[in-house]
Each structure stands twice: as structure tokens, then as C-alpha cells.
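> build the 3D model from these lines:
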Amino acid sequence: MFTKKWAIFAAVVMIATLVLPACQPTEVEKIVKETVVVKETQVVTEKETVVVEVTAEAGPSVDEMLETLGVKAVDDFTIEFTLENPAGFFPAIAGMWVARPVPQWVIEEYGDRWTEPGFIVTNGPYVMTEWVHDDHIVLEKNPYYYKADEVQIERIEGVMIVEASTAMSMYENNELDTTAPPLEDMDRVKADPVLSQEFVIYPSDCTYYYGFVTTKPPVDNPLVRKALSAAIDRQTLVDTVLKGGQQPANAFANPLIFGNVAGDPDVCPWCLDYELGKQKAQEWLAEAGYPNGEGWPTDVVLMHNTSEGHKKIAEFIQANWRDVLGIEVNVENQEWKVYLETIGKDTPLEDAPHIFRLGWCADYPDQNNWVHEVFNPTAGANRTRMSADDPYVGDKIKEFDELTRAAGAEQDPEKRKEMYKQAEKLLVEEIAAMAPIYYYTGPNLSKPWLTRLQRGIGGNHFALWKIDWEAKKAATGATGDVVTLNWNFGTEPPTADPALATDTTSVDLDEQLFLGLTDFDDVTSEVIPELATDWEVSEDGLTWTFHMRDDVVWVHYNTKTKEVEQVLDDEGNPRKVTAYDIEYAVKRTLDPRTGSDYAYVLYIIKNGEAVNTMSY
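Prediction:
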């Protein structure tokens with residue numbers, strides 16, 4: 001209550017010193033100076049525009065912030081990481097390709113060309129000798145690899161055949177040593193007396209799913225997304241199209257992953273019960289405003305990367321949507337490298353599809369690598385563009401964000417499992433940002449002269465495969481003494497730069513060229529030493545110290561002499577891979593100027609997220 005019939009309050013908008021990015025110049029802004037006059041019956045605001053100078057106080061630069069990262073070379077062969085919170089799975093992250101040592105001096109000299117033959121310097125079991133883009137890659141054994149005596153395959157000739165049917169013909173013509181059979185050939189392979197003996201189904205740590213661009217109508221409505229997911233007949237797809245022992249998926253994380261809820265009837269029950277799914281799908285679409293498909297827009301696009309198999313799956317699901325919901329969805333495809341750009345979260349909305357196909361394979365066998373690193377809206381890849389500002393389910397997305405962060409920091413395994421179950425329910429039921437479709441298996445054909453392992457976490461380990469060279473020569477007419485693997489990459493690898501790799505093709509290539517601190521056993525998936533000989537963690541779980549081997553050297557292929565050569569240091573000695581190379585690699589990946597789409601897996605490192613999300 002006022003003690004007088006009127007009172008005047010002067011409110012002046014005050015501007016304090018602003019801290020702006022270092023690259024932003026001093027600005028002149030227009031500030032509105034307001035005087036609010038409160039009278040007995042009305043409020044009158046008088047405004048006067050004045051010009052004041054706002055001084056930008058330079059904040060820390062990217063280079064300065066990089067020095068605050070929790071990674072430090074203690075000496076040549078000791079590297080130390082400080083984490084944001086305890087994470088027992090960190091040794092697995094420490095060995096990922098985005099943290100593998102890369103040659104700073106080569107990158108600084110050649111820039112983007114550093115991964116081309118003649119420039120590239122590596123440290124793994126193989127070196128790159130040829131890369132004819134969109135045609136083939138040749139890798140040759142690194143004679144200076146510290147386990148070179150254990151590597152039997154001396155040359156890898158990798159083609160880039162996208163069509164599975166073409167690859168199958170090459171396999172049957174002895175032009176490839178191993179391949180995945182096309183969907184249309186599965187019955188023939190199983191019945192053929194020769195091919196059936198060469199056929200095996202490996203377990204797989206991958207999940208096949210459709211993602212929704214949650215900001216693009218009509219799939220901006222979660223009811224529409226739920227309807228589309230529920231209308232997919234997963235079991236019939238597996239039984240009649242895939243035929244490789246795949247498992248219908250009701251959640252994102254694969255059954256081989258810690259914290260998974262695959263097959264749990266409490267999670268997305270309509271994903272596992274198609275009669276229930278059809279009923280729910282029709283109800284949700286009607287509730288969204290499209291009863292029996294009425295009013296459904298004609299421009300909705302489902303996109304996949306070019307592949308005969310993906311096309312068959314898309315056409316099957318397209319038919320599900322037509323039959324159950326009465327709607328038409330257009331199916332389009334793009335070549336892999338272009339496709340990855342198109343479905344990026346920064347692609348203009350008008351250029352992005354409504355629905356996109358992807359598969360996810362484990363980088364390490366923990367749910368943190370799944371619901372958090374793939375879908376967290378602020379710290380993950382987030383191709384679905386989830387946001388707490390979502391007008392429909394923003395509160396659920398905020399809850400999901402907080403939940404996956406907390407689950408990664410939680411130390412009690414049982415509590416983590418329950419938290420991840422809640423996160424999966426949010427992701428596939430309430431937010432419905434993705435439709436889980438099936439859990440992969442690895443149907444594969446291999447020639448009798450090839451002894452191979454299943455694709456391990458982080459890529460194929462060709463250095464562990466064996467070929468009976470005499471048997472292959474007798475069967476194929478091959479000549480010479482160089483034991484050669486004929487392999488199909490399946491497409492052009494988008495990159496050989498570990499910091500930029502986001503797909504299995506690029507990762508497979510990097511697996512041959514660069515070593516990590518750790519690796520995975522192809523059979524048990526356990527973390528094993530690679531560059532590191534051993535490691536320890538502090539009592540509080542925040543500091544990890546890795547001790548490295550001192551016998552790994554940098555090599556390159558001399559295009560003039562056609563020889564693999566050691567890189568020499570300033571004193572003429574072989575240049576060794578050191579902890580400083582790893583420190584550089586980690587900082588380079590997290591440097592926002594590098595543009596690594598996979599940098600988020602290193603956010604567990606102290607200040608990793610703060611640095612990588614800086615403006616520059």
C-alpha cells in the first residue's frame with residue numbers, strides 16, 4: 001500500500017560489463033532508459049533511447065581453454081586423465097579412435113591432405129599405400145609394428161562395392177574372401193551344399209533403428225512418432241526379410257550391452273506385440289489429428305543410405321504404415337558420405353528427412369555409449385534434434401538429459417541399470433525420438449582358406465586373421481608370395497582421420513592404421529592393453545594414469561621407393577609414439593575448430609564439454 005495517492009519510481013536499465021568471446025569486437029548498443037511512473041489509477045512508462053558503449057572483456061581463447069583439459073603427458077610414456085566424475089568404463093574410452101595418437105607435425109604441414117598416401121604417417125599394423133577414391137584402398141603390413149611377427153596377412157586390397165548383390169557375385173567368383181550375403185540370397189545360401197558350409201552367424205553388438213527429426217512436422221508430434229514406431233511389424237521383418245536370426249528390438253541398447261533392457265516387456269510392449277502395436281498406432285495417429293490417415297501430408301520422407309538391404313527394409317516398413325495407418329511415406333536414398341551430412345543435426349530443416357535410418361554399434365559395452373552419447377540432447381550426437389524447448393515433451397527431454405548424465409556418474413551398478421531402464425522408456429515410449437527395429441546378428445560368408453574373427457568392438461582386426469595362402473592360390477589362381485586379403489569396405493570411407501571418423505567404414509580403416517591406449521578382445525569384448533602396458537585409478541575415481549610401451553614407432557609409405565619407412569627424429573633415430581602424441585590427439589578432437597562430430601565421447605574428461613562447445 002502506498003502512503004500517498006501517488007508515488008514515482010525511477011527504474012533505469014543498467015548495463016554491466018559484458019564478458020564476450022575473445023573474437024567478438026567492442027559493440028555499440030542502443031539501451032532503453034525507462035522511467036516508470038505509478039499513479040493512482042494507471043502506470044505510465046516513459047522511454048528514452050540513449051546510446052552507450054558496451055566494452056567486451058575478452059574471455060579465455062580456445063587455445064587457453066585447451067590447456068585446462070584433463071589430459072596431461074607426465075613424461076614420454078605416461079599419460080594422465082582427470083575426469084568430470086568417476087567412470088569405471090574410462091579405459092575403454094581411452095582406447096577409442098578419437099583419442100588415438102596422430103602426427104601433429106604432419107597435420108600442421110599438410111592440413112586436410114594429411115591422410116592421403118605419401119603424406120599419412122601412422123603407427124598400426126598396416127600402412128596405406130594406395131587410395132583411389134571411390135574405387136579401392138591398398139594396405140600393406142607395417143614391418144616396424146611391435147607385433148609384426150604375429151601378423152600373417154601382408155596385403156589388404158579393399159574395394160568399395162555398395163551393392164550387396166555385386167559383392168556376392170565377386171565372392172562366388174573368388175574375388176572376395178568374405179562378405180555378408182544379400183537378403184534375397186539368404187535362403188539359397190542356407191540350402192546350397194557349399195555356401196552353407198561357408199556360412200556363419202556371428203553375435204553382434206549393433207542395433208538397427210529409425211530416427212525422427214523431432215522438429216519437423218508432422219513427426220514433431222510425439223503421437224505421430226509413437227504411431228509410426230508401433231505400426232512396424234518387427235517379427236515378420238526379421239522372419240521374412242532379414243532371415244539371419246536377428247531379434248526384434250523394443251529399446252535402443254543391444255542385448256550385449258551393460259544396462260540394456262532388450263526384450264523387457266515393461267519397455268515398449270507394443271514393439272514386441274504387433275496386435276497391440278497396430279491398435280495403439282491407429283489410436284495415436286487419430287489423436288494426433290490424422291484418423292485413418294486423413295489429412296496426412298504427402299511430402300513425408302523416410303531416407304536411408306544407398307543399399308539394397310536398407311531399401312528392402314524401408315519398403316517393408318513403408319507397406320506396414322500404408323496397411324495399418326492408411327498413410328504414404330516417400331522412401332529416398334543417398335550415398336553414404338552425402339547421407340551423413342544430410343542427417344546431421346545442423347543441416348537446414350528443409351533439407352533434412354523426416355525419418356532416417358541408422359545402425360549403432362558399441363564403442364564400448366556400456367549404456368553410457370548408447371542412450372547418453374547418441375541421444376542426449378545437450379551432450380550427445382542428437383541427430384533427432386531433441387530439446388528441452390520441445391512444446392510437446394520438453395519436460396520429458398529435460399528429464400532424459402538429466403537422467404543419462406546422472407547414470408553415467410552413478411557408481412552403483414544396480415542403480416545404473418534402473419536409471420538406464422527409465423531412460424530407455426523415456427526415449428522409445430514418451431519422447432519416441434526413435435523407433436528401435438532389430439538387434440543385429442552378423443550373417444557372414446568366408447572362404448575355407450580364411451580364418452577370421454567376428455567384427456570386434458571398434459572395428460575388424462585384420463592383423464589377427466589368417467589365410468592359408470597355398471589353398472587360396474590353388475583355388476583362385478593367385479600368384480606370388482604376398483599373402484593378400486581381398487576385402488570389401490562397402491563404400492568409400494568418408495575419412496581416415498581418427499578425429500573425424502563417425503562411421504564403421506572409417507573406423508575399420510583407422511583400426512588398421514592407428515593404435516589406441518587400449519583395445520578390445522574380439523571374443524570376450526574385455527578391455528586389453530595396446531599402447532598402454534597397464535593403468536591405475538585414484539581412490540576418488542577421477543584420475544587415471546596409463547603407462548605406455550616404448551617400442552611403437554611412426555611410419556610412412558615412401559611413394560618413390562615403394563617402401564615402408566620409419567619416421568626419424570631430429571637426431572636420426574626412429575620417432576616413437578609418446579604420451580605427448582596422445583595429449584595432442586585428445587586436445588585436437590575436443591578443439592571445436594577441428595569439427596569432430598564424435599568429440600562428445602570425450603566429454604567425460606575434465607572441461608571436455610566446456611571446451612568443445614566454445615564459440616570461436
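
> how much space between Arg575 and Ala87?
32 Å (C-beta to C-beta, to the nearest Å). No exception for glycine: its C-beta is placed from N, CA and C like everyone else's.

> nope, Ala281 is what I meant
Using C-beta to C-beta, Ala281 is found at 39 Å from Ala87.

> quickly find the element holding Val564.
Assigned by DSSP states H and E, Val564 falls within strand 563-566.

> and the contacts of that strand?
Strand 563-566 has contacts (C-beta atoms under 8 Å, 6 or more residues apart in numbering) with 127, 140, 142-144, 553-558, 574-575.

> repeat that with 10 Å
With contact meaning C-beta atoms under 10 Å, 6 or more residues apart in numbering, strand 563-566 is reached by 122, 126-127, 129, 140-145, 553-558, 573-576.

> over to stretch 404-420?
For stretch 404-420, contacts defined as C-beta under 10 Å, 6+ apart pick out 83-89, 251-253, 257-261, 366-380, 403, 421-423, 426-427, 541, 603-604.

> now swap in stretch 189-196 and tell me
Stretch 189-196 has contacts (C-beta under 10 Å, 6+ apart) with 168, 171-172, 181-182, 185, 188, 198-199, 243-244, 443, 445, 448.

> which members of these are positioned in strands?
199, 443, 445 (DSSP state E).

> ok, so of the residues you listed, who is nearest Tyr274?
Nearest to Tyr274 among the ones in strands among the contacts of stretch 189-196 is Pro443, at 23.7 Å by C-beta to C-beta.

> tell me who's in contact with that closest one.
179-183, 186, 189-190, 199-202, 204, 242-246.

> would you map the helices across the stretch 301-450 of the chain?
With helices called from DSSP state H, counting those that start in this stretch, the stretch 301-450 of the chain shows them at 308-325, 336-342, 371-375, 394-409, 413-425.

> now the most centrally placed residue in the chain: how far from Thr495?
Central residue of the chain (C-alpha atoms, centre = their mean): Thr502, 4.9 Å from the mean position. Separation of Thr502 from Thr495 (C-beta to C-beta) stands at 8 Å.

> then Glu163?
Distance, Glu163 to Thr495, using C-beta to C-beta: 23 Å.

> the two: who's more crowded?
Neighbours per residue, other C-beta atoms under 10 Å: of Glu163 and Thr495, the larger number sits with Thr495, 18 against 14.

> please parse the protein into its domains.
For the chain, the structural domains run 7-58, 64-177+447-612, 201-440, going by automatic domain parsing.

> okay if I get those as a markdown table plus mean pLDDT and distance to Val194?
Formatted as a markdown table, these follow (pLDDT from 0 to 100; distance: least, C-beta to C-beta, whole Å):
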| stretch | mean pLDDT | distance to Val194 |
| --- | --- | --- |
| domain 7-58 | 37 | 65 |
| domain 64-177+447-612 | 96 | 9 |
| domain 201-440 | 97 | 17 |
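
> and Asp239, how many neighbours?
The tally of other residues near Asp239 (other C-beta under 10 Å) stands at 12.

> got it, and Ala180?
Using other C-beta under 10 Å, Ala180 has 17 neighbouring residues.

> buried residues in stretch 107-118, which are they?
Neighbour-count burial for stretch 107-118, counted by 16 or more other C-beta atoms under 10 Å, picks out 107, 110, 114-115, 117.

> nearest to Ile431 among the residues you listed?
Using C-beta to C-beta, those come closest to Ile431 at Thr115, 37.7 Å.

> got a list of what the closest one touches?
By C-beta under 10 Å, 6+ apart, the neighbours of Thr115 are 102, 106-107, 121-122, 128, 131, 493, 495-498, 500, 509-510, 513.

> look up how far Glu511 lies from it.
In terms of C-beta to C-beta, Thr115 sits 15 Å off from Glu511.

> and what of Asp76?
Look at Asp76 and Glu511: by C-beta to C-beta, they are 25 Å apart.
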